[in-house]
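Visitor: how would this look folded up:
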Amino acid sequence: MSLIDIFDISGSGMSAQSVRLNTTASNIANADSVAPTEAETYRARYPVFAAELENAGGHLPLTAEQGEEGGDAVSVLGVVESDKPLQKRYEPDHPYADENGYVSYPNVSVVEEMANMMSASRSFQLNVEVMNTVRTLSERVLSMGQ
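Guide: Now for the predicted structure:
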């Protein structure tokens, strides 16, 4: 593994955590939004990640059956909506209340989202630290030849 590979791996990790931070911010921003119908109500979104191996002439998703412990990069396979039920609140005077007086709110837990945000932020910071460490070590190796 070359030093360039380490930068690529850390860069892909930073990119993945950036997607995670953006989806978490979107979830928090929409935590209290309501819509006229249950079908239109915002649902929490979460990114799906996969480790990738660079072999056989291309990127292949890493699977447990391959017996590998790590990949060459992190990819974002997509962003999926949560299938948890929406929160129903009894608010008969609300303009979007159904015939029973309930309003559908998003299935977003702000506490969980804050934990996700802290985790994603820390993961991003760790990838930055890896890049800085590799840069420092590379500079030290180059200075040894002087």
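Visitor: Of all the helices and strands in this structure, which has the lowest average confidence?
Guide: Least confident helix or strand of the chain, by mean pLDDT, DSSP states H and E, is strand 58-61 with a mean of 50.
Visitor: For the closest residue to residue 85 other than its chain neighbours, list the residues it contacts.
Guide: Among residues not flanking residue 85 along the chain, residue 107 sits closest, at 6.4 Å (C-beta to C-beta, 6 or more residues apart in numbering). C-beta here means a position set from N, CA and C on the backbone, and glycine is covered the same way. By C-beta atoms under 8 Å, 6 or more residues apart in numbering, the contact list for residue 107 reads 43-44, 82, 84-87.
Visitor: Please spell out which residues along the longest strand seen in the chain are buried.
Guide: In terms of residue count, the longest strand belonging to the chain (DSSP state E) is strand 45-55. Under the neighbour-count criterion of 16 or more other C-beta atoms under 10 Å, strand 45-55 has 45, 47, 49-53 buried.
Visitor: out of those residues, which one sits closest to residue 78?
Guide: Checking the buried residues of strand 45-55 against residue 78 with C-beta to C-beta, the nearest one is residue 47 at 7.4 Å.
Visitor: Any chance of a markdown table for the buried residues of strand 45-55, columns distance to residue 5 and pLDDT?
Guide: Below are the buried residues of strand 45-55 laid out as a markdown table (distance: C-beta to C-beta, whole Å; pLDDT from 0 to 100):
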| residue | distance to residue 5 | pLDDT |
| --- | --- | --- |
| 45 | 31 | 96 |
| 47 | 23 | 96 |
| 49 | 19 | 92 |
| 50 | 18 | 91 |
| 51 | 14 | 86 |
| 52 | 12 | 79 |
| 53 | 12 | 73 |
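Visitor: Now that we have those, can you turn them into CSV and tack on distance to residue 113?
Guide: Listed next are those as CSV, based on distance: C-beta to C-beta, whole Å:
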residue, distance to residue 113
45, 11
47, 13
49, 17
50, 22
51, 24
52, 27
53, 31
